[in-house]
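> starting from these lines, generate the structure:
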Amino acid sequence: MTETIVTDARVETVQDLYAAYGRGDMPALLDTLDEAVDWAAEAAGDAVPWYGRYTGRAQVPAFFAAIGSTVTVTEFDVVGIASNDSDVIATVHWTYRVNATGRTASMYMQHWFRFRDGKIVFFRGSEDSAQSVRAFA
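Residues are numbered from 1 along each chain as shown. Predicted coordinates for the structure are as follows:
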């Protein structure tokens, strides 16, 4: 029996984004995004430094800077990825220590990416926000 491997350019783009994040390569990460990307984790909140909405590729580095300047990430593992014609959903497990409090958080997150013309135009991350808020308190 021959195994068929189906490749999905959108999934590959998300994997490229995660790889760029892992090596701290912001230009490569930003290259996966549309100029007008709508990027947010906990879009309506502000209890954790990276919460809120970042509009446009130029604002997205502030999201990653908020993470990088306030926590030490000790685990970031992509558990699974699924896609359809326009979206990619990834489940990620991450663990971090808050620099200011020394508290840790460890959780599964879901990342939803929407694509247009090969670029990410929309991102929403969901996480255990109560755990994150406790870690920063």
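
> and the biggest helix by length in the chain, what's its mean pLDDT?
Criterion DSSP state H: the longest helix present in the chain is helix 9-23. The average pLDDT within helix 9-23 is 95.

> what's in contact with that helix?
Contact with helix 9-23 is made by 26, 28-29, 32, 64, 76, 78, 81, 83, 86-88, 90, 111, 113, 115, 118-120, as judged by C-beta atoms under 8 Å, 6 or more residues apart in numbering. (Glycine included, C-beta is placed from N, CA and C.)

> against which helices or strands is the host helix or strand of residue 92 packed?
Using DSSP states H and E, residue 92 maps to strand 87-98. Counting contacts by 3 or more C-beta pairs under 8 Å, 6 or more residues apart in numbering; DSSP states H and E, strand 87-98 packs against helix 9-23, strand 71-83, strand 104-116, helix 129-136.

> ok, now with 10 Å
Strand 87-98 is packed against helix 9-23, helix 60-70, strand 71-83, strand 104-116, strand 119-126, helix 129-136, with contacts defined by 3 or more C-beta pairs under 10 Å, 6 or more residues apart in numbering; DSSP states H and E.

> may I see the buried residues of the longest one?
Applying a neighbour-count criterion of 16 or more other C-beta atoms under 10 Å, one finds 10, 11, 13, 14, 15, 17, 18, 20, 21 buried in helix 9-23.

> which one is the fourth one nearest to, not counting chain neighbours?
I take that to be residue 14. Excluding the flanking residues, the one nearest residue 14 by C-beta to C-beta, 6 or more residues apart in numbering is residue 88, at 4.9 Å.

> list the contacts for the one you found?
Listed by C-beta atoms under 10 Å, 6 or more residues apart in numbering, the contact set of residue 88 reads 8, 10-15, 17, 81-82, 111-115, 120, 123.

> contact partners of the helix or strand hosting residue 28?
Here residue 28 sits within helix 26-30, counting by DSSP H and E. Helix 26-30 is contacted from outside by 16-23, 37, 57-58, 60-61, 64-65, 68, 120, using C-beta under 10 Å, 6+ apart.
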